[in-house]
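1. the following comprises the amino acid sequence and a computationally predicted model.
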Amino acid sequence: MESTSPTSNIKLGNIRRKSINLSPTELVKVDLLPSGKIPLVIQPVVEGLNLVKWAQDNQEFIKKTLLQYRALLFRGFNINTTDLFNQFVSTTSSGQLLEYRDRSSPRHEISNKIYTSTDYPADQSIYLHNEGTYWLTYPLKIYFCCLVAAQQGGETPIADCRQVFQRISPQTRQKFIDKNILYVRNYNDGFGLTWQTVFQTEDKAVVEEYCNKNAIEYEWKTGDRLRTRSYRQAIAKHPITGELSWFNHAAFFHVSTLEPTLQEALLAEFKQEDLPNNTYYGDGSQIEPELLEEIRTAYQQEKIMFPWQQGDLLMLDNLSVAHSRTPFIGKRKVVVAMTDPVKN
């Protein structure tokens, strides 16, 4: 589901970084890409430095640096268990961990609200997106940890959505500001996740309660099928800085973003309104194809890739930075946690 236009993506492993003195201690070094692109890479100067203990002692530095760069990559600290990952998340977050409900990607829970990043097939891409833009409450922070790096591929590309917003024309931005987004999802038609998986229940009453609490319209159809409709903002204002970010699944969930063969198969099987996922303007009208292509191009122009190393920990400001996944070969284990809930 990821577009592949030939743009100047940036790979950390292929370019030389310059070191800058940003750390409040002498225990770590902070590397900035020559281009100034995220993520900021934080590495230990001394062998065996305990990242959790260092984070406890430098919480203000981490907070300020994340707010400045929006993406921090902690490398060389050997975070090799979900327990260590969870300790770091708990140390550096100021809110509760979020449960993964109203799912769009297959995942499973490893420990208390620590999940696999995705169980999506290894040969497929996942398009750039911010976590939970279609939820009523989304995480301000999202964390990834590479416990096992793939033999080949499997990167988690990122993109600064403040810059994506700037790349999109003022006319397009204003149209989405005025109309917002409508997400329409259909479950149990033989494609995509079932409503039982998405809402983590077999009980329709539990689904209805969740929908009512989260401003989701629902409609039960024959054959145990479900349709939901969610009206959400297309552009978000950062709760601390007030900066605007492109913050939606308008392109990700739109049928035109799918690979051509899958797109053709779905459109041959379903009417537009019955597709597993699709997006519209908030008034229900179609989003113009040229605007969707403009959005995809903006993401692609801002996409940054770097190879995972085992033990890497990536901390993102989820409102400001989108993430994705490339296909891979070999075993890969990347875990995720979401914290600091914000009302959409």
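-> Great, that's in hand. Numbers count the residues shown, from 1 in each chain.
2. rest of the way, CA atoms for contacts and neighbours
-> Will do.
3. got any ranges where the stretch 101-250 of the chain has weak pLDDT?
-> 101-108, 118-120 (pLDDT under 70).
4. three-state assignment of His249?
-> Secondary structure, DSSP: H, G, I helix; E, B strand; the rest coil: His249 is coil.
5. doesn't His53 fall inside a helix?
-> One correction, residue 53 is Lys, not His. Yes - assessed with three-state DSSP, Lys53 lies in a helix.
6. how about the helices in the stretch 151-300 of the chain?
-> Secondary structure of the stretch 151-300 of the chain (DSSP state H, counting those that start in this stretch): helices at 161-167, 170-179, 195-199, 204-213, 260-269, 289-302.
7. got JSON lines for these, with distance to Val45 too?
-> Shown next, in JSON lines, are the helices of the stretch 151-300 of the chain (distance: least, CA to CA, whole Å):
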{"stretch": "helix 161-167", "distance to Val45": "32"}
{"stretch": "helix 170-179", "distance to Val45": "44"}
{"stretch": "helix 195-199", "distance to Val45": "44"}
{"stretch": "helix 204-213", "distance to Val45": "48"}
{"stretch": "helix 260-269", "distance to Val45": "48"}
{"stretch": "helix 289-302", "distance to Val45": "31"}
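8. deepest in the core, which of the ones you listed is it.
-> Counting by mean count of other CA atoms under 10 Å, helix 161-167 has the highest mean neighbour count of those, with a mean of 20.
9. convert the C-alpha atoms of that one to CSV, please.
-> Provided in CSV are the C-alpha atoms of helix 161-167 (Å, rounded to 0.1, in the frame of the first residue of the first chain):
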residue,chain,number,x,y,z
CYS,A,161,3.9,15.6,8.8
ARG,A,162,4.4,19.3,9.5
GLN,A,163,6.4,19.3,6.2
VAL,A,164,3.8,17.1,4.5
PHE,A,165,1.3,19.8,5.4
GLN,A,166,3.5,22.5,3.9
ARG,A,167,4.0,20.5,0.7
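10. residues in contact with it?
-> Here helix 161-167 makes contact (CA atoms under 8 Å, 6 or more residues apart in numbering) with 173, 243-247, 295, 298-299, 302, 319-322.
11. at 7 Å what do you get?
-> Leu244, Ser245, Trp246, Ala298, Tyr299, Glu302, Ser320, Val321, Ala322 (CA atoms under 7 Å, 6 or more residues apart in numbering).
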